[in-house]
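Enquirer: just to be clear, the model below is a prediction. Sequence and coordinates:
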Amino acid sequence: MIPKIIRKMTATVFSYATEDEEVVANTLVALFPDEFTENPPFEIYQEELVGQYEEPLIKFEIEVNKKTILAKIFEWWAIQLSDTEKRFLYRNLEKMTDMKAKTYHLRFDKFKAAEGELKLGEGSNTIKVVLKFVLYTKDLNPLRQELLDLGIIMP
């Protein structure tokens, strides 16, 4: 299903000084179906930063705004996420949505992603995913329905 409301996905992950940069950058690939592994439809942007305690930090980020690719990504997520995770996302939809910015926020476990698994995560060792959507109302039901239709959430 081609998303109607969701327009863009941005995924960000940080590589800390003790981590292998290439392994961390490749965790972003876990967000995508296998068909994108060989010829990814995105670029991984890299930015060198300095952390809170002056340690080196590298930010890796990708952005996808092509609806046909988003549809394939969401189809992949629907297969990879467990029913328990989908129920969690359903129950926490309001907490994970910023209606002013029109964004829906997810976090995936960075270490599981390094092993090729797509699992929800929390904390700083995560891949932060932001879905930008367009709604001209403060009602969350259209977003909820789209996420249900895509198979990403379930009651």
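Expert: Structure received. Numbers count the residues shown, from 1 in each chain.
Enquirer: quick one: buried residues of the worst-scoring helix or strand of the chain on mean pLDDT?
Expert: Every helix and strand in the chain was compared by mean pLDDT, DSSP states H and E; the lowest is helix 35-38, with a mean of 79. Neighbour-count burial for helix 35-38, with 16 or more other Cβ atoms under 10 Å as criterion, is recorded at residue 36. In short, each C-beta sits where N, CA and C put it, glycine included.
Enquirer: please apply the same query to stretch 83-90.
Expert: 85-86, 88-89.
Enquirer: what's the average pLDDT for that stretch?
Expert: Stretch 83-90 comes out with an average pLDDT of 98.
Enquirer: can you give the distance of it from its chain's centre?
Expert: In terms of Cα atoms, centre = their mean, to the nearest Å, the centre of stretch 83-90 is found 15 Å from the chain centre.
Enquirer: and stretch 55-72, by the same measure?
Expert: So, by Cα atoms, centre = their mean, the centroid of stretch 55-72 is 8 Å from its chain's centroid.
Enquirer: quick one: low-confidence parts of the protein?
Expert: Judged against pLDDT under 70, the chain has no low-scoring part.
Enquirer: sounds good, over and out.
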